[in-house]
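A.B. asks: no FASTA, just this:
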């Protein structure tokens, strides 16, 4: 297997030092992982930090045609770096394993992700060790994993049941057993299925599928229900949802929701290309409502229907909500909010010379932040990039 070369760039806009300082080098770096094969494209999905301080990146690797197109979504790819972001090793899974849910899940220092066996269309749970090697593979069942999350020491999984045209949500133990599960109809006919399959095959717009649990104990997912992309609240016992926040087919809906204390949510929504942030949203968890009625702060600088990642993290001694997204200017944008009242604190932009797109945000053990993204070398070759932001740099932007 060919080793990926590394381009190390320090941007003046982010800051750097010429002095050799190992601790500073660990807390703050920017790395691009290049490949001399121009017909190879990388799609990063998520990253986790290991106990050694290094990082594991989950992604896809695919071959693109000479005209830049590709009908192959790619093989599953895992890259390992050290604590300085330097490349250590990588592996590719067998090509029969496809469509990983874009989440690398850390449960007590063990790392998991879901993908599908294309031979039987059955979802598999993979455990990866700290060396970036697959430690075990377990058959879970259910086709086409869309999203995944963590519920304590269990895993949450959102599937598309292609045979029955249902959205399926499950609680899965780390040994691969389904503890709870419920299916909800996407609607009759072929119309609702088309955007789901376009997402899965990466032949159309990627949709913000999500799965989680509220602070009050209800489960929720962002997926198709009755013809439209919706937030669905469920106890995974009743046949019908407890609450539904409807979007507008695939043209409008919630981009991301993050449960906060007191029953509030940090949320984002999109509507026909426009983007809105709601850092203190009171989402109705019963009955049927519309996300179009939620309002929110418009962000015209973001790319149309921009993907949004929301996390909470400590900045110094202060808790912050961090929103991450993509700008029209091809930068990664971070926005900080006070979780107590939703007030805006500050922003930070990542990007210089090349184009950048956000994949995930991961708080690190040193109270910094790992930003995983895609960069386009020479404007056309998709490559993985890592930005490690120090606690100090986060404080400069998000602590007041």
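C.D. replies: Alright, I've got the coordinates. Predicted model only: the values in this text are computed from it and were never measured.
A.B. asks: Quick check: buried residues in the helix or strand harbouring residue 169?
C.D. replies: For residue 169, the host element (DSSP states H and E) is strand 166-172. Within strand 166-172, the residues that qualify as buried are 166, 167, 168, 169, 170, 171, 172, counting by 16 or more other C-beta atoms under 10 Å. C-beta coordinates here come from the backbone N, C-alpha and C atoms, glycine included.
A.B. asks: I'd guessed the fourth one sits against residue 221; true?
C.D. replies: Yes: under the criterion of C-beta atoms under 8 Å, residue 169 lies in contact with residue 221, with a separation of 5.0 Å.
A.B. asks: Return every residue with contacts to both of these two.
C.D. replies: Common contact partners of residue 169 and residue 221 (C-beta atoms under 8 Å, 6 or more residues apart in numbering): 158, 211, 232, 234.
A.B. asks: want to throw those residues into TSV with pLDDT, secondary structure and distance to residue 37?
C.D. replies: Output for the shared contacts of residue 169 and residue 221, formatted as TSV (pLDDT from 0 to 100; DSSP: H, G, I helix; E, B strand; the rest coil; distance: C-beta to C-beta, whole Å):
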residue	pLDDT	secondary structure	distance to residue 37
158	98	strand	34
211	98	strand	35
232	98	strand	42
234	98	strand	45
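A.B. asks: Residue 248 is in contact with residue 293, isn't it?
C.D. replies: No: checked against C-beta under 8 Å, the pair residue 248 and residue 293 is beyond contact range at 11.8 Å.
A.B. asks: So which of the two has more stuff around it?
C.D. replies: Comparing residue 248 with residue 293 by neighbour count (other C-beta atoms under 10 Å), the higher total belongs to residue 248, at 16 against 9.
A.B. asks: Which per-residue confidence value corresponds to the more buried one?
C.D. replies: Reading off the confidence values, residue 248 has pLDDT 95.
A.B. asks: before we move on, what about the one 3 residues further on?
C.D. replies: At residue 251, the pLDDT value in this model is 95.
A.B. asks: Look up the closest residue to it, ignoring the ones flanking it.
C.D. replies: Spatial nearest neighbour of residue 251, excluding adjacent residues (C-beta to C-beta, 6 or more residues apart in numbering): residue 272 at 5.5 Å.
A.B. asks: returning to what we had before: ok, so of the shared contacts of residue 169 and residue 221, who is nearest residue 318?
C.D. replies: residue 211 (28.8 Å; C-beta to C-beta).
A.B. asks: Was I right to think that closest one contacts residue 150?
C.D. replies: No: Residue 211 is beyond contact range of residue 150, at 9.8 Å (criterion: C-beta under 8 Å).
A.B. asks: just to revisit the earlier point, out of the shared contacts of residue 169 and residue 221, give me the one that has the most neighbours.
C.D. replies: Result: residue 211 is most packed of those (other C-beta under 10 Å), 27 neighbours.
A.B. asks: Could you tell me which other helices and strands whichever strand or helix holds residue 199 packs against?
C.D. replies: Following DSSP H and E, the helix or strand that holds residue 199 is helix 193-201. Here helix 193-201 touches strand 145-151, going by 3 or more C-beta pairs under 8 Å, 6 or more residues apart in numbering; DSSP states H and E.
A.B. asks: Can you give me the buried ones in the strand it packs on?
C.D. replies: Quick answer for strand 145-151 (16+ other C-beta under 10 Å): 145, 146, 147, 148, 149, 150, 151.
A.B. asks: So what are the sheet partners of it and their directions?
C.D. replies: strand 154-161 (antiparallel) (DSSP bridges).
A.B. asks: how far off helix 193-201 does the partner strand point, in degrees?
C.D. replies: With axes from the mean of the first three to the mean of the last three C-alpha atoms, to 10 degrees applied, the angle from strand 154-161 to helix 193-201 works out at 130 degrees.
A.B. asks: and the angle for strand 154-161 with strand 166-172?
C.D. replies: Using the same axes, to 10 degrees: strand 154-161 against strand 166-172 is 160 degrees.
A.B. asks: Any buried residues in the helix holding residue 199, and which?
C.D. replies: In helix 193-201, counting by 16+ other C-beta under 10 Å, buried: 195, 196, 199, 200.
A.B. asks: which helices and strands does the strand holding residue 169 pack with?
C.D. replies: strand 154-161, strand 178-185, strand 219-225, strand 228-234.
A.B. asks: Please work out which of these is packed deepest.
C.D. replies: strand 219-225 (a mean of 26; mean count of other C-beta atoms under 10 Å).
A.B. asks: what lines up beside that strand in the sheet?
C.D. replies: If you go by DSSP bridges, strand 219-225 pairs up with strand 210-213 (antiparallel), strand 228-234 (antiparallel).
A.B. asks: List the contacts of it.
C.D. replies: Strand 219-225 is contacted from outside by 146-147, 151, 156, 158, 160, 167, 169, 171, 184-187, 192, 195-196, 208-214, 229-236, 241, 244, 253-254, 256-257, using C-beta under 8 Å, 6+ apart.
A.B. asks: picking that back up, and the buried residues of strand 166-172, which is closest to residue 376?
C.D. replies: Looking across these and measuring by C-beta to C-beta, the closest to residue 376 is residue 167, at 33.2 Å.
A.B. asks: ok, the closest residue to that closest one other than its chain neighbours to residue 96 distance?
C.D. replies: With sequence-adjacent residues excluded and distances taken as C-beta to C-beta, 6+ apart, residue 167 is closest to residue 223, at 4.5 Å. From residue 223 across to residue 96, the span is 25 Å (C-beta to C-beta, to the nearest Å).
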